[in-house]
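[1] predicted model and sequence follow; I will ask about them next.
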Amino acid sequence: MSRQLIKTLGAVAVRFPKQHAVAASSIRCSSGVVLDQEARERIHPRIGNRDIVGFGINGSASYFDEPLMPFPAIRFKENTPENVALREREKGDWKTLTLEEKKALYRISFCQTYAEMYAPTGDWKAIVAMILGLCSLTGWIIIWMKVYVYPPMPHTLTEEWQEAVLKHMVATRSGPIEGVASKWDYEKGRWKD
């Protein structure tokens, strides 16, 4: 994992064997990787004064709240004197820490809990509003086209015209087997039951 981190960050690493001394210009990450001053100057302007604690999603020094990748590469909050003092107290007995301090320790490393990551965001409301807006816009476009674009309906679609055509078909006995004339009773002068 350390090789991947160093390769991704583009830094020159020196492993920490016990018999070797480390130069004063190198910085040790929480994962045991030693970064030289050049790598720190390249990485830390982007991440501030945060600790690099792992490989992360793609090995980049970035923070993501992702349930599938629960361990981000860097801590969420920067190192302030209060945070550093609290992290020093964390190394001792946890029974002496209050509940608020334990929560603060969690929030130093992570922004959200799993419950907060899986909580509904309400994005569905914007999506439904967009869909309804598009449907109403489509309706107004259809109305505008019927009024201003399409020509008027032909006179052959009026009810009077259709009744006149039906009377003509009955009078000329059009379709005597399965058509209109087969449904008209010519002796009684009305439609068959």
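    All right, it came through fine.
[2] how about residue 65, what does it touch?
    Under the criterion of Cβ atoms under 8 Å, 6 or more residues apart in numbering, the contact list for residue 65 reads 72, 110-112, 117. Where you see a C-beta, it was placed from the backbone N, CA and C, and this is true even at glycine.
[3] and those, which of them are buried?
    Among the contacts of residue 65, those classed as buried by 16 or more other Cβ atoms under 10 Å are 72, 110.
[4] in strands, which of the contacts of residue 65 fall?
    Among the contacts of residue 65, no residue falls in strands (DSSP state E).
[5] measure the residue positioned nearest the centre of the chain to residue 130 for me?
    Residue closest to the average C-alpha location in the chain (Cα atoms, centre = their mean): residue 123, at 8.6 Å. Separation of residue 123 from residue 130 (Cβ to Cβ, to the nearest Å) stands at 11 Å.
[6] domains for the chain, by residue range?
    Annotated domains of the chain cover 2-118, 124-191 [automatic domain parsing].
[7] most tightly surrounded among these?
    Highest mean neighbour count of the domains of the chain: domain 2-118, a mean of 14 (counted as mean count of other Cβ atoms under 10 Å).
[8] quick one, longest helix in the chain?
    helix 123-144 (DSSP state H).
[9] so where do the helices sit in this protein?
    Taking DSSP H, the helices of the chain run over residues 2-9, 37-47, 81-90, 99-109, 114-118, 123-144, 159-171.
[10] out of those, nearest to residue 177?
    Residue 177 sits nearest to helix 159-171 of all the helices of the chain, at 13.8 Å, using Cβ to Cβ.
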